[in-house]
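Q: need the 3D shape of this:
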Amino acid sequence: MTADLSVAEMAERYKCLYTPAIADILDERGRFQQILPPEIQALAPGMRLAGPVQTLKGTPTTVHKDEYLAVSIKAFAEIAPGTVAVYDTGGDRQAAHWGELVTTATGLRGCAGAVIDGGVRDVERVVEMGFPVFARYRSPADIRGRWRYVEAAVPIRIGDVLVRPGDWAVGDANGVVIVPGELALEVLLEAEKVVEVEDRIREELRAGIDPMKLYRKYGRF
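A: Coordinates of the predicted model:
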């Protein structure tokens with residue numbers, strides 16, 4: 001393998017893996033704080049996403065001003081194809097920070113999905129569009145008078161995880177893991193090897209091989 005894989009190639013290969021294998025590789029490197037809070041889950045079964053992160057940060061508010069939307073409009077206009085929008089909502093647990101219209105706008109820019117530490121609305125429409133969204137909760141509440149955008153393309157923190165622009169977000173039925181950007185290719189290649197090994201372990205288990213023997217042989221179980 002070479003280091004000149006495109007974003008699209010890496011994303012497709014990441015989506016063929018599963019997040020536990022990726023998390024294991026990061027654990028082996030002492031990166032134990034890379035898994036987003038378990039409450040952040042896919043809107044629908046089968047949703048998967050993978051891609052470099054574009055971050056957005058916001059905060060709860062009781063005031064609405066049209067200029068608050070300027071940050072989001074600029075961020076959406078600058079979304080590169082294949083990127084994943086990741087939202088730090090500042091702990092807000094009322095508003096829906098993502099919905100159908102944002103999905104449409106970002107999808108047209110080639111956005112590969114969204115990870116929201118907050119809420120989503122228009123859920124049925126978003127699911128029908130086939131756009132992968134991972135979020136903490138669902139709510140019909142609009143952001144106006146409840147929450148506002150603050151800045152984009154800055155490091156954010158979700159739970160115990162530092163998320164930087166250019167890191168990779170990978171999500172599946174198990175949750176979402178953040179891969180540091182500088183390790184994205186290395187982790188991909190090693191996780192692919194882990195999956196190959198676990199496929200062999202699975203076959204040998206079905207053949208009746210003792211689990212402890214397999215652990216000693218492969219160093220994992």
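Q: how about the strands in this protein?
A: Using DSSP state E, the strands of the chain run over 41-42, 49-60, 84-88, 96-98, 113-120, 133-138, 147-152, 156-158, 161-163, 168-172, 175-179.
Q: so what does the second one touch, helix or strand wise?
A: This points to strand 49-60. Contacts defined by 3 or more CB pairs under 8 Å, 6 or more residues apart in numbering; DSSP states H and E place strand 49-60 against helix 7-15, helix 70-77, strand 84-88, strand 113-120, strand 147-152, strand 156-158, strand 168-172. Where C-beta positions appear, they are placed from N, C-alpha and C, glycine not excepted.
Q: make JSON lines from those and add mean pLDDT to it.
A: As requested, the helices and strands packed on strand 49-60 are exported to JSON lines (pLDDT from 0 to 100):
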{"stretch": "helix 7-15", "mean pLDDT": "97"}
{"stretch": "helix 70-77", "mean pLDDT": "89"}
{"stretch": "strand 84-88", "mean pLDDT": "98"}
{"stretch": "strand 113-120", "mean pLDDT": "98"}
{"stretch": "strand 147-152", "mean pLDDT": "96"}
{"stretch": "strand 156-158", "mean pLDDT": "98"}
{"stretch": "strand 168-172", "mean pLDDT": "98"}
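Q: Ile40 is nearest to which of the ones you listed?
A: Closest to Ile40 of these is strand 113-120 (CB to CB; 6.4 Å).
Q: quick one: that closest one to strand 175-179, angle?
A: Interaxial angle, strand 113-120 versus strand 175-179 (axes from the mean of the first three to the mean of the last three CA atoms, to 10 degrees): 130 degrees.
Q: how about strand 113-120 as PDB, C-alpha atoms only?
A: Extracted C-alpha coordinates of strand 113-120, given in PDB (Å, rounded to 0.1, in the frame of the first residue of the first chain):
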ATOM      1  CA  GLY A 113     -22.300  12.600   6.800                       C
ATOM      2  CA  ALA A 114     -22.700  14.400  10.100                       C
ATOM      3  CA  VAL A 115     -21.900  13.600  13.700                       C
ATOM      4  CA  ILE A 116     -23.900  15.800  16.100                       C
ATOM      5  CA  ASP A 117     -23.400  16.000  19.800                       C
ATOM      6  CA  GLY A 118     -26.900  17.200  20.000                       C
ATOM      7  CA  GLY A 119     -30.200  16.900  18.200                       C
ATOM      8  CA  VAL A 120     -31.700  16.200  14.800                       C
END
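Q: can you give the distance from it to the centre of its chain?
A: 9 Å (CA atoms, centre = their mean, to the nearest Å).
Q: and what of stretch 8-26?
A: Centroid separation for stretch 8-26 versus its chain: 11 Å, with CA atoms, centre = their mean.
Q: mind listing what the most centrally placed residue in the chain touches?
A: Centroid-nearest residue in the chain, with CA atoms, centre = their mean: Ala169, separated by 3.7 Å. Listed by CB atoms under 8 Å, 6 or more residues apart in numbering, the contact set of Ala169 reads 49-53, 84, 86, 113, 115, 163, 176-179.
Q: before we move on, the earlier item: which stretch among the strands of the chain comes nearest Ala8?
A: That would be strand 49-60 among these, by CB to CB, at 9.0 Å.
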